[in-house]
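1. Predicted coordinates and the sequence they were generated for:
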Amino acid sequence: MDSRRLMARTAVVGACIVVVGASAVPAAFGQADGARQALRTGRYDVAVEAFTRLTRSGQGYPEADRGLVSTLLLVGRYADAQQAARRAIDGNPGSAEMHVSLGLALVRQGIREDARVAFETAIAGGAADAPRAVLELGNLAWDRGDREAAYERYGELVRIYNADTSLRSTSLTAIGTGLARLGLRDPQRYRDALRVLDEAIALDPGDPEPRLQAGLLFLDRYQSGDATGELETVLAANPDHPDALLGMARRAYFDGSSEAMDLTLQALAINPSHADARVFLAILLLELGK
């Protein structure tokens, strides 16, 4: 993962953009684009309605279905997200493309064994977002205390990166996030993580996820200023992004600012089921003697 490798990948991206720009635009593209923009700007009700309309019409699979599940997850409607993912899977039984979305919904509800099966199904079926499944399997191992199994999964992401020069932004984000975890054992991986996340941002500047992960990485590295820059960029596009709000709350706590409580409550107002936000709120309340 040296600089020459990343430069070569950037050149490929430039070539791909030209090809896409010259191709025909599907009729459903405008609707899907509008739904995606609603999600990215925090108009979650609009996004749910638009993605639902697309999925019911059978258009835009699997991207519209993924968009619907992603929106429902952001606002804490985890059971609804699970149902939406299962409907998409039932309607496309020969496809593995929605199993990562199903796994994410199951994880949020603590149904971890079923989530593991969903992620493994996505990998075995060659789903486009299989790198995210590898990341999530690593996270499941990490959460149950099996660090070696987790590091092995995160290491798989390095091999995926080096073997494929046509990865999408979402896959690069997953790889960058896994590299950040590897940084706990090998600090050099932090630099690699940021470079891969930068690559993801370059591929899809409107996607908040790689910037969010970069901000959280900086926060974990106690680089408050850099974290603030990334998280504020996410919130400038979507002031109601619960994960970015929680990240800013953590940054405020780190800096000794009284804004930490208000930001955490803002995140919970958008997603009352946000487990990390609830844990962080409990920490703040304990410190206040409540």
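-> Structure received. Keep in mind that what you see is a predicted model, and the values were worked out from it rather than measured. Numbering: from 1, shown residues only.
2. residue ranges of the helices in the stretch 1-150 of the chain, please?
-> Taking DSSP state H, counting those that start in this stretch, the helices of the stretch 1-150 of the chain run over residues 3-22, 29-40, 44-56, 63-74, 78-91, 99-108, 112-124, 130-143, 147-163.
3. Could you export these as JSON lines, including mean pLDDT and distance to Ile201?
-> No exception for glycine: its C-beta is placed from N, CA and C like everyone else's. Output for those, formatted as JSON lines (pLDDT from 0 to 100; distance: least, CB to CB, whole Å):
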{"stretch": "helix 3-22", "mean pLDDT": "33", "distance to Ile201": "11"}
{"stretch": "helix 29-40", "mean pLDDT": "88", "distance to Ile201": "13"}
{"stretch": "helix 44-56", "mean pLDDT": "97", "distance to Ile201": "21"}
{"stretch": "helix 63-74", "mean pLDDT": "98", "distance to Ile201": "18"}
{"stretch": "helix 78-91", "mean pLDDT": "98", "distance to Ile201": "26"}
{"stretch": "helix 99-108", "mean pLDDT": "98", "distance to Ile201": "21"}
{"stretch": "helix 112-124", "mean pLDDT": "98", "distance to Ile201": "24"}
{"stretch": "helix 130-143", "mean pLDDT": "98", "distance to Ile201": "16"}
{"stretch": "helix 147-163", "mean pLDDT": "97", "distance to Ile201": "16"}
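4. what's the most buried one of these?
-> helix 99-108 (a mean of 25; mean count of other CB atoms under 10 Å).
5. starting at the chain centroid, how far to it?
-> 12 Å (CA atoms, centre = their mean, to the nearest Å).
6. Show me what that helix is in contact with.
-> Contact partners of helix 99-108, identified using CB atoms under 8 Å, 6 or more residues apart in numbering, comprise 65-66, 69-70, 72-73, 78-79, 81-82, 84-86, 88-89, 112, 114-116, 118-119, 121-122, 125, 127, 129-130, 132-133, 136, 140, 273, 275.
7. likewise stretch 222-234?
-> By CB under 8 Å, 6+ apart, stretch 222-234 touches 208, 211-212, 214-216, 218-219, 241, 244, 247-248, 251, 254-255.
8. Can you tell me which of those residues is nearest Thr177?
-> Nearest to Thr177 among the contacts of stretch 222-234 is Leu216, at 8.6 Å by CB to CB.
9. pretty sure that closest one contacts Gly247?
-> Yes - counting by CB atoms under 8 Å, Gly247 is a contact partner of Leu216 at 5.7 Å.
10. Of these two, give the one with the bigger neighbour count.
-> More crowded of Leu216 and Gly247, by other CB atoms under 10 Å: Gly247, with 27 against 21.
11. Regarding the residue nearest to the spatial centre of the chain, which helix or strand does it belong to?
-> With distances taken as CA atoms, centre = their mean, Glu209 lies nearest the centre of the chain, 5.0 Å away. Here Glu209 sits within helix 208-220, counting by DSSP states H and E.
12. Could you tell me the angle between that helix and helix 63-74?
-> Counting by axes from the mean of the first three to the mean of the last three CA atoms, to 10 degrees, helix 208-220 lies at 40 degrees to helix 63-74.
13. Kindly format the C-alpha coordinates of helix 208-220 as CSV.
-> Output in CSV follows, covering the C-alpha atoms of helix 208-220 (Å, rounded to 0.1, in the frame of the first residue of the first chain):
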residue,chain,number,x,y,z
PRO,A,208,-20.4,11.2,4.6
GLU,A,209,-19.2,7.8,5.8
PRO,A,210,-15.5,8.1,4.8
ARG,A,211,-15.2,11.6,6.3
LEU,A,212,-17.0,10.4,9.4
GLN,A,213,-14.6,7.4,9.8
ALA,A,214,-11.6,9.7,9.3
GLY,A,215,-12.9,12.1,12.0
LEU,A,216,-13.4,9.2,14.4
LEU,A,217,-9.9,8.0,13.7
PHE,A,218,-8.5,11.4,14.5
LEU,A,219,-10.5,11.5,17.6
ASP,A,220,-9.2,8.1,18.7
